[in-house]
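A.B. asks: Pasting the sequence and the predicted coordinates here, then a few questions.
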Amino acid sequence: MGAEQINTVRRFNRTVSARVGVLHDRFLGRDRPVGEARLLWEIGEHGQTVRQLRERLGLDSGYISRLLRSLESDGLVTMEPQPGDKRVRTVLLTDAGRTERAVLDRRSDELAGSLLAPLNAAQRARLVAAMAEVDRLLTAATVTMEAVDPRHPDAEHCLRSYFTELQERFEAGFDPALSLLPDAGELRPPRGLFLVARLHGEPIGCAGLKLPPDAPAEIKRMWVARHARRLGLGRRFLTELEGRAVGHGRDLLRLDTNKALAAAVGLYRSCGFQEVPAFNDEPYAHHWFEKRLDRGGEWQG
């Protein structure tokens, strides 16, 4: 990234922060700063745990505790330990909190309208489209990827969701018992690895890499949750796994897929994978791909 890109981002941040009023200690004309107002919105009608709020907003424990204590002292929220685990606290809105949230919601709509009102119809359409794109890209930049044990709860959640989707999309359904599923040990170092993508602490995707000693590296079980698609995670998974394969001294990467997964087939082709004859007996596969990897540069990860 260049200096001009950095300057543009900083200028955008200054414009937005001034225009939406986050610099004032009475956000939207209420008796609280933007941090407390945003917490009320995030808590919502059904409540959230403190951990969920912290991960959603990227706040440290000390700061979010101070914000919650302030809201609690104003009678807007209550904090209750969960019956099964008293270390986990759930934050709920009181009646006064719901009333305050409704006021903030209405004034937020008015603020949004004031941003659009001075513009003509074409300008409004351009601004809203640009905002949607910025939101999508900033969300994509928030996603983290981490290598975990395939028995980790987040990994198992992703795999269950993946199998459920395959059952829905494949013509003959999907039975994991019939597929060439890698054993969990094949996706643990040194024989492989398993990546989980998270957004605000929620697992939203996964991908495995097999590193057999006597065969090419192979990508297995790549999946992205429906609500997280269009964030570029499939391409990001492929780039990450290619780099890790190179880091393990591999120069050939393989994968197979089903004809029902047309978007995946298109992604693999656009990322440089070439279709090849079948290299395994996977009963659910219709396409087999491989890609030669550039080992000229050292992967950092």
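C.D. replies: Everything's here; your move. Numbering: from 1, shown residues only.
A.B. asks: Look up which helix or strand M222 falls in, please.
C.D. replies: Using DSSP states H and E, M222 sits within strand 217-224.
A.B. asks: Centroid-nearest residue for this structure?
C.D. replies: L199 (3.3 Å; CA atoms, centre = their mean).
A.B. asks: quick one: it from V143, how far?
C.D. replies: Look at L199 and V143: by CB to CB, to the nearest Å, they are 5 Å apart. Bear in mind the C-beta positions are built from the backbone N, C-alpha and C, glycine included.
A.B. asks: What ranges does this structure have for its strands?
C.D. replies: For the chain, the strands defined by DSSP state E cover 48-49, 77-82, 85-93, 144-147, 192-199, 202-210, 217-224, 252-257, 274-276, 287-292.
A.B. asks: Give the partner strands of the first one in its sheet and their orientations.
C.D. replies: Going back to what we said before, that points to strand 48-49. Paired with strand 48-49 in the same sheet, following DSSP bridges, are strand 85-93 (antiparallel).
A.B. asks: For the stretch 51-200 of the chain, just list every one of the helices.
C.D. replies: Along the stretch 51-200 of the chain, the stretches classed as helices by DSSP state H, counting those that start in this stretch are 61-73, 95-116, 121-142, 153-169.
A.B. asks: Tell me the spacing between the spatially closest residue to E290 that is not a sequence neighbour and R244.
C.D. replies: Excluding its sequence neighbours, the residue lying closest to E290 (CB to CB, 6 or more residues apart in numbering) is R254, at 4.6 Å. Noted for R254: a distance of 14 Å to R244, by CB to CB.
A.B. asks: Between the helices of the stretch 51-200 of the chain, which one is closest to I219.
C.D. replies: helix 153-169 (13.3 Å; CB to CB).
A.B. asks: got a list of contacts for the closest one?
C.D. replies: The contact list for helix 153-169, computed with CB atoms under 8 Å, 6 or more residues apart in numbering, reads 148-150, 173-174, 176, 194, 196, 198, 203, 205-206, 221, 223, 225-226, 258, 260-261, 284.
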